[in-house]
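J.: Pasting the sequence and the predicted coordinates here, then a few questions.
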Amino acid sequence: MRLQFRLIMRFIKRLPFSKVPSHPYQKDVNRFPLLPAGVVFLTLLILIAFSWRAATRAVEDDKKNKITERSALVESSIKGRLSAYEDVLHAANGFVNSSATAPTRDQWNKFVLSMELGGRYPGILGTGYAVEVAAADIDAFEQNIRAQGLPKFDVLPETGAPVKTVAIHYQEPARNSDPVTGYDMLSDPLRKTAIEQARDGDQVVLTSPLTLRVDAAKPQPAMIMYLPVYNTDLPTNTVDERRRALKGFAFMPFRAKEFINNTVEVNSSDFGFTIKSGDTQLYSNIDSPEKAAFKTIESHDFDVYGQKWRIEYYASDAIVSTALRNRPNGAIWGGLIFSLSVASSVYLLVRRRILDQAYYEERKLQTAKDDLLSLASHQLRTPATGVKQYIGMVLQGYVGPVEEEQGKMLNLAYESNERQLRIINEFLYMAKADAGRIVVSRNPFNLTTLVEEVIRDQNSELEKAGHKLIRHLTPNVMIIGDMHSIRMIIENLVNNAIKYTPDNGTIHVRLKKQDKKAVISVKDSGVGIRASDFAKLFKQFSRIPNSLTANTTGSGIGLYLSKHLAKLNKGDVEISTSKVGRGSTFTASFPLQSVKNITAYKYIKRG
Amino acid sequence: MAMSKKKILVVEDEQALNNAYKIILEKAGFDVRVAFDGEQALSELKEFDPQVILLDLKMPTLDGIGFLRKYDMKKHNDKVQIVVFSNFDLQQEIDEAYGLGADKYVLKSGASPDDLVKIVKNLAG
């Protein structure tokens, strides 16, 4: 996880917009509390979770609503069509009762055909009329019908039942269908149940699913709707009365599949249903593997004319509009992106605040330090300045001639004061260095010239000590650095050599190019330093006790500062060799001016 | 005809130093006037037209920086050389002085009487 995080961060850092200018306090404040950002992120995540749930629920609700809509449509269509069939049967009832005698075959056929059922209710099979016949009257009955143009009319099957309900007329919208006529519908238990129910209840009744005789070869679920036709002159208030008044039945068979196909809009890629009556499936439009995978199920129990149908509805998620369906995902992704941006903004804001705070604190501290430095430097120097001027003036003869002895003493006083000022300078410089207030410029200059100048300035000191200075200076060594501070370094090294060498010694100053560096080495013939003391040399305020330190000036910060300044100039000061009693060699090295670093002209470094 | 003496204005709040500079510069042949703070310096400058102004920074009432701000360079002779003479030596103070029109910055405690005369002679021309 860490590695991936780092890789991601690296990638982000490379993106163009992420090059935010870095805060000057960047390095010091390393850990930014992730807590606020984390809290914000988690809160937003919770919100996302809620909105995802809401979106998911909305999808489910919409699905339910859509299914409810569609199912209502399915059911109302079915009911409506069945109601229309019922109307047809009522019309038939009216037709039959419009004359005292039973209608003839021709009459019936004309009646049915004139209703133009085929056009208005495609899928309708036919409309028929059946009469009740007592077993004893069968023969006469058969003769009667045969005489009406059906020579082959027979009442079938031969059951021996006392009463038969025989279909005598049947007309399909388009053509004649003979097998139906002559059939004793009471011989079939399902038809019998419906017929008796209709007769006794004076109501339209639908059979349970059955196979029509015409479909014997290829069975499929079908039903027959029966309407009892009574003698209108007789009462029909009780079951007995109804049985006595019964003349016959108007009936209408229909195949379940054709019925549904012509009633309900079934071509839907995202919606399907099955209709069952008991264990028999009347209809299903789940006819493809995709549809078989539909999930949602809702089922309604549907009462139709005494039958109980169960309609089961299936829908795919596509029933919900695309926009709504995509909302949960959108909520998550959009929410994630949103919370990530908010959280990272919070994180960045907190980080910035912390950095600014730290910077502000440091600035306050720095300002306090600066003020102290400033004041200290000023206050310490002021009295010494007065002394310098007045003793200087006396020595110059401003107030009269100065005798030798007076002059000597005055000079000592003057020198003492000068030493004090030097010490103050060194202290303040070191304090500045510690506070990072030293500004080092980077300019190319001739190091050889500088070394020669420094040596020249030390002439009087050299003479006083009787030292001999031998120089081996490579001419025109160009380096890049801050001339002022590098001068101080060289002065320090040469001064040390002079101070720590007993009188009449020899000092070698070398300047050469070595490994892309300019190396200055100052070798003295002084007391030398023990190897175990090497490390102490460059420490602040350290002094190696030896026979000469008692007499020497300086506060012991020279080498510490020199090293510090050298490092600011991308160089270094080191002790290369020292032998007790034989002398020491100190080196100062700086990078040579080259093609590479010449472009760093005028770069200001603080340290 | 003798060349008229070059004029110097010494602005320094410390009595002893102020006096010392006056003595030193007069001995060197300059016409010296003194002021002990910026306000006094400004009023001196109303009738005194020096070639060089020796300006201390830390003074009461109106300090060196304040003086530089109030002192209108253009109104006065552009050739006036202003030497900031101070015991402050932080870079930002130096920069500030230069930024406000100082021509030179000298560390007081580093200048002996001779150095002072040399500096002023150089600037006075």
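T.: Now that the structure is in, tell me what you want to look at. Just so you know, these numbers come straight off a predicted model, no measurement behind them.
J.: pLDDT weak spots in chain A?
T.: Chain A contains residues with pLDDT under 70 at A:1, A:12-33, A:159-160, A:171-180, A:296, A:540-557, A:595-607.
J.: Can you name the residues that contact the residue lying farthest from the centre of it?
T.: Distance from the centre of chain A peaks at A:Glu403, with 92.4 Å (CA atoms, centre = their mean). A:Glu403 makes contact with no residue, according to CB atoms under 8 Å, 6 or more residues apart in numbering or on different chains. From N, CA and C alone the C-beta is placed, and that goes for glycine too.
J.: Tell me the span between the first and last residue of stretch B:63-79.
T.: 22 Å (CA to CA, to the nearest Å).
J.: do the same with stretch B:104-116
T.: 13 Å.
J.: Could you check how many residues crowd around residue 124?
T.: I'll assume chain A. Neighbour count of A:Ile124, defined by other CB atoms under 10 Å in any protein chain shown: 25.
J.: hmm, I had chain B in mind actually
T.: 18.
J.: Setting aside sequence neighbours, what's the nearest residue to A:Phe41?
T.: Leaving aside its sequence neighbours, A:Phe41 sits nearest to A:Ala343 (CB to CB, 6 or more residues apart in numbering or on different chains; 3.7 Å).
J.: Just give me the residue closest to the centre of chain B.
T.: Most central in chain B (CA atoms, centre = their mean) works out to B:Leu54, at 1.2 Å.
J.: Indicate each strand paired with the helix or strand where it lies and its parallel or antiparallel sense.
T.: Using DSSP states H and E, the element containing B:Leu54 is strand B:52-55. Its sheet considered, strand B:52-55 pairs with strand B:7-11 (parallel), strand B:81-86 (parallel) by DSSP bridges.
J.: Any idea how far the shortest one is from the middle of the chain?
T.: When you say that, I think you mean strand B:7-11. A distance of 5 Å separates the C-alpha centroid of strand B:7-11 from that of its chain, computed with CA atoms, centre = their mean, to the nearest Å.
J.: Report the buried residues of it.
T.: B:7-11 (16 or more other CB atoms under 10 Å in any protein chain shown).
J.: Quick one: list the elements packing against the helix or strand A:Val387 falls within.
T.: Using DSSP H and E, A:Val387 maps to helix A:322-395. Packing partners of helix A:322-395 (3 or more CB pairs under 8 Å, 6 or more residues apart in numbering or on different chains; DSSP states H and E): helix A:35-97, helix A:404-434, helix B:15-27, helix B:113-124.
J.: can you give me the angle it makes with helix B:113-124?
T.: Helix A:322-395 and helix B:113-124 are oriented at 120 degrees to each other (axes from the mean of the first three to the mean of the last three CA atoms, to 10 degrees).
J.: how much does helix A:322-395 deviate in direction from helix A:35-97?
T.: Going by the same axes, to 10 degrees, helix A:322-395 makes 170 degrees with helix A:35-97.
J.: Centre of the chain to helix A:322-395, how far?
T.: The answer for helix A:322-395 is 33 Å, by CA atoms, centre = their mean.
J.: And stretch A:474-485, by the same measure?
T.: 57 Å.
J.: Give the buried residues for it.
T.: For stretch A:474-485, burial by neighbour count (16+ other CB under 10 Å) applies to A:477, A:479-483, A:485.
J.: Now the element after the helix or strand bottoming out on mean pLDDT in chain B, going C-ward?
T.: Confidence across the helices and strands of chain B bottoms out at helix B:91-99, with a mean of 85, counting by mean pLDDT, DSSP states H and E. Using DSSP H and E, the helix or strand that directly follows helix B:91-99 along the chain is strand B:104-107.
J.: number of nearby residues for the nearest residue to A:Phe111 once chain neighbours are set aside?
T.: Among residues not flanking A:Phe111 along the chain, A:Phe95 sits closest, at 5.1 Å (CB to CB, 6+ apart). Each residue near A:Phe95 was counted by other CB under 10 Å, and the total is 19.
J.: Can you give me the distance of A:Phe95 to A:Arg199?
T.: Per CB to CB, to the nearest Å, A:Phe95 is found 19 Å from A:Arg199.
J.: Looks to me like A:Ala518 is in a strand.
T.: Yes. Assignment of A:Ala518 by DSSP: H, G, I helix; E, B strand; the rest coil places it within a strand.
J.: so what's it up against?
T.: A:447, A:477, A:479, A:511-512, A:589-592.
J.: Which among the residues you listed count as buried?
T.: Buried subset of the contacts of A:Ala518 (neighbour count, 16+ other CB under 10 Å): A:447, A:477, A:479, A:511, A:589-592.
J.: and B:Lys79, helix, strand or coil?
T.: Three-state assignment for B:Lys79 (three-state DSSP): coil.
J.: Report pLDDT for it.
T.: With respect to pLDDT, B:Lys79 has a value of 78.
J.: quick one, what contacts the closest residue to B:Gly29 other than its chain neighbours?
T.: Nearest residue to B:Gly29, sequence neighbours excluded (CB to CB, 6+ apart): B:Lys5, at 6.4 Å. When contacts are counted by CB under 8 Å, 6+ apart, B:Lys5 touches B:29-31.
J.: where's A:His508, which helix or strand?
T.: strand A:506-514.
J.: who in chain B is up against chain A?
T.: By the rule CB under 8 Å from any CB of the partner chain, the part of chain B lying against chain A is B:14, B:16-17, B:20-21, B:23-24, B:27, B:58, B:86-93, B:107-110, B:112-114.
J.: repeat that with 6 Å
T.: B:16-17, B:20, B:87-88, B:90-91, B:108-109, B:112-113 (CB under 6 Å from any CB of the partner chain).
J.: Just the buried residues of those.
T.: Buried subset of the residues of chain B next to chain A (neighbour count, 16+ other CB under 10 Å): B:17, B:20, B:87-88, B:90, B:108-109, B:112-113.
J.: Lowest-confidence one in the residues you listed?
T.: Least confident by pLDDT among these: that is B:Leu90, with 78.
J.: Give me the number of neighbouring residues for A:Val320.
T.: Around A:Val320 there are 22 residues (other CB under 10 Å).
J.: From A:Thr274, how far off is it?
T.: 21 Å.
J.: try A:Gln143
T.: Going from A:Gln143 to A:Thr274 by CB to CB gives 48 Å.
J.: what's around the residue nearest to A:His472 when sequence neighbours are not counted, how many residues?
T.: In space, and not counting its chain neighbours, A:His472 is closest to A:Arg510: 4.5 Å by CB to CB, 6+ apart. By the criterion of other CB under 10 Å, A:Arg510 has 17 neighbours.
J.: how much space between A:Arg510 and A:Asp524?
T.: Look at A:Arg510 and A:Asp524: by CB to CB, they are 12 Å apart.
J.: And A:Thr577, by the same measure?
T.: Noted for A:Thr577: a distance of 11 Å to A:Asp524, by CB to CB.
J.: ditto for A:Phe153
T.: Counting by CB to CB, the gap from A:Phe153 to A:Asp524 is 150 Å.
J.: So between those two, which is more surrounded?
T.: Ranked by neighbour count (other CB under 10 Å), A:Phe153 and A:Asp524 place A:Asp524 first, with 27 against 21.
J.: Quick check: that one vs A:Asn492, distance?
T.: Between A:Asp524 and A:Asn492 the distance is 13 Å, computed by CB to CB.
J.: Tell me where the model's unsure across chain B.
T.: B:1-3, B:73-78.
J.: Smallest gap between the stretch 451-600 of chain A and chain B, at which residue?
T.: A:His484 (11.3 Å; CB to the nearest CB).
J.: Please tabulate the residues of chain B next to chain A in CSV and include distance to A:Leu89 as additional columns.
T.: Shown next, in CSV, are those (distance: CB to CB, whole Å):
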residue, distance to A:Leu89
B:Ala16, 137
B:Leu17, 133
B:Ala20, 139
B:Asn87, 125
B:Phe88, 120
B:Leu90, 115
B:Gln91, 114
B:Lys108, 129
B:Ser109, 130
B:Ser112, 138
B:Pro113, 140
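J.: got the contact list for the helix or strand harbouring B:Gln40?
T.: Take DSSP H and E as the rule and B:Gln40 turns out to sit in helix B:38-44. Contact with helix B:38-44 is made by B:11, B:33, B:35, B:61-62, B:66-67, as judged by CB atoms under 6 Å, 6 or more residues apart in numbering or on different chains.
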